[in-house]
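Build me a model from this:
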Amino acid sequence: MKWANVEIEGALWCGLVEGKDIRLAEEGCLSKYLGDLSVLAAKAESGRRVPLSEARLMQPVIRPGKIIAIGLNYAAHVAESSSFISNDRPEIQKWFNKQTTAANAPGAPIHVPKVSEQLDYEAELVVIIGKHGRHVPKERAMEIVAGVACGCDCSVRDWQKASPTMIMGKGFDTHAPFGPYMVTLDEAGPLGPRAIRAFVNDDLRQEATLSDMVHTIEEQIAHLTAAFTLEPGDVLFTGTPAGIGAGREPPEWLKPGDRVRIEIEGVGSLENPVIAEPDTARLG
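This next block holds a predicted model:
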């Protein structure tokens, strides 16, 4: 099944995507039902059918409890990253967090920040957690997964280099778009052989398969839950292949007017425009 959050006439709804339509199940965010989607499916059976063209797609979890991402999880990406992180293949998983205010919707603008021009793209499979998990063995890791989506781990490279924790360079507002839908595992099928690609203005920049990951999704979940509890609505960015802007000669940063498209076979296509950060301030 494909599930989505949509905004219709100013209200947030969640529902089941069927072709070019969405069958509305309930007002509010999908995250309420991640642990038991059968309840939501029953509501969707009698729900109003609305063309997706008449709705605004939102991210599958409006405000994730955690957004956490693994670095250097494709071998070819490790090799291209020496200019700003390391060229050593990590034996221990390297994780960082993206702020929850970075969550962004399909089709919504990604901001080139006022403080930097070094905005980069990273195509990633996003895993959406559906159940609580602590000390989850990798053999049972997928039992706590509600579904998957496409994601773009936007990165501000000079800010990333300036902090050993990477938090500042990875957590800018708008820099974690994901969607367009949450696809359940039975719908997506085996993830390993799926192709993942990133395009900038229709120019293919990244291409690999999910089986190229250094640490599998199951290993990632087992590692994380050895330290802390994963909860429904948490979002995991699972690593990016080679081909990022920082790895090109010379580097090619995203700029206003660009469009970034992330495609994952069997999962979907996520596209976002790039704009200059609006000249606004927010106090209180």
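
helices and strands of this protein: which one has the lowest mean pLDDT?
Least confident helix or strand, the chain: helix 75-80 with a mean of 73, by mean pLDDT, DSSP states H and E.

gap between that helix and the chain center?
20 Å (CA atoms, centre = their mean, to the nearest Å).

Would you mark the buried spots in the following helix or strand past it?
Toward the C-terminal end, the helix or strand that comes next after helix 75-80 (DSSP states H and E) is strand 94-98. Across strand 94-98, burial judged by 16 or more other CB atoms under 10 Å covers 94, 95, 96, 98. C-beta coordinates here come from the backbone N, C-alpha and C atoms, glycine included.

how near is the second one to residue 64?
Summarising the geometry, the distance separating residue 95 from residue 64, computed by CB to CB, to the nearest Å, is 15 Å.

contacting residues for residue 28?
12, 13, 14 (CB atoms under 8 Å, 6 or more residues apart in numbering).

Apart from its chain neighbours, what residue comes closest to residue 136?
Computed as CB to CB, 6 or more residues apart in numbering, the closest residue to residue 136 that is not its neighbour in sequence is residue 225, at 4.4 Å.

do the same with residue 77
The shortest distance from residue 77 to any non-neighbouring residue, by CB to CB, 6+ apart, is to residue 242 (4.7 Å).

if we can go back for a sec, quick one: which of the contacts of residue 28 has the most company?
residue 14 (27 neighbours; other CB atoms under 10 Å).

residues contacting that residue?
Residue 14 sits next to 3-6, 24-26, 28-30, 32-33, 40 when contact means CB under 8 Å, 6+ apart.

same deal with residue 200?
Residues in contact with residue 200 (CB under 8 Å, 6+ apart) are 121, 245, 252, 254, 258, 259, 260, 261.

from those residues, which two are the most distant?
Spatially, the most separated pair among those is 252 and 261, at 15.6 Å (CB to CB).

More neighbours: which of those two?
Using other CB under 10 Å, the more surrounded residue of residue 252 and residue 261 is residue 261, with 20 against 17.

so who does that one touch?
Residue 261 neighbours (CB under 8 Å, 6+ apart): 198, 199, 200, 202, 269, 270, 271.

So which of those residues wins on neighbours?
Neighbour counts for the contacts of residue 261 peak at residue 270, which has 28 neighbours (criterion: other CB under 10 Å).

Is that one bridged to anything, and to what?
According to DSSP bridges, the partner residues bridging residue 270 are residue 262.

so it makes contact with residue 148?
No: applying CB atoms under 8 Å as the test, residue 270 and residue 148 come out as separate, 11.8 Å apart.

What does residue 92 show for phi and psi?
As for residue 92, its main-chain torsions (degrees, to the nearest 10) stand at phi -100, psi 140.

swap in residue 246?
According to degrees, to the nearest 10, residue 246 has phi -70, psi -20.

Correct me if wrong: it contacts residue 157.
Yes: contact criterion CB under 8 Å: residue 246 and residue 157 qualify, at 5.2 Å.

Enumerate every residue touching the residue lying closest to residue 171 once chain neighbours are set aside.
Distances taken as CB to CB, 6+ apart put residue 99 closest to residue 171, at 3.9 Å, once the chain neighbours are dropped. Applying CB under 8 Å, 6+ apart, we find residue 99 in contact with 67, 171, 172, 173.

Distance check, residue 99 against residue 3.
Plainly put, residue 99 is 24 Å away from residue 3 if you go by CB to CB.

Could I get the average pLDDT for stretch 190-197?
Summarised as a single mean, pLDDT over stretch 190-197 is 94.

gap between the two ends of that stretch?
17 Å (CA to CA, to the nearest Å).

Contacts for it next, please.
Contacts for stretch 190-197 (CB under 8 Å, 6+ apart): 123-125, 148, 185, 188, 204, 206-211, 217, 241, 262-267.

ok, back up a step: buried subset of the contacts of residue 99?
Buried residues within the contacts of residue 99, counting neighbours by 16+ other CB under 10 Å: 67, 171, 172.

which residue lies farthest from the center of this protein?
residue 46 (30.3 Å; CA atoms, centre = their mean).

OK, contacts around that one?
Contacts for residue 46 (CB under 8 Å, 6+ apart) come out as none.

Quickly note the distance from it to residue 8.
In this view, residue 46 and residue 8 are 17 Å apart by CB to CB.

Appreciated, that's everything.
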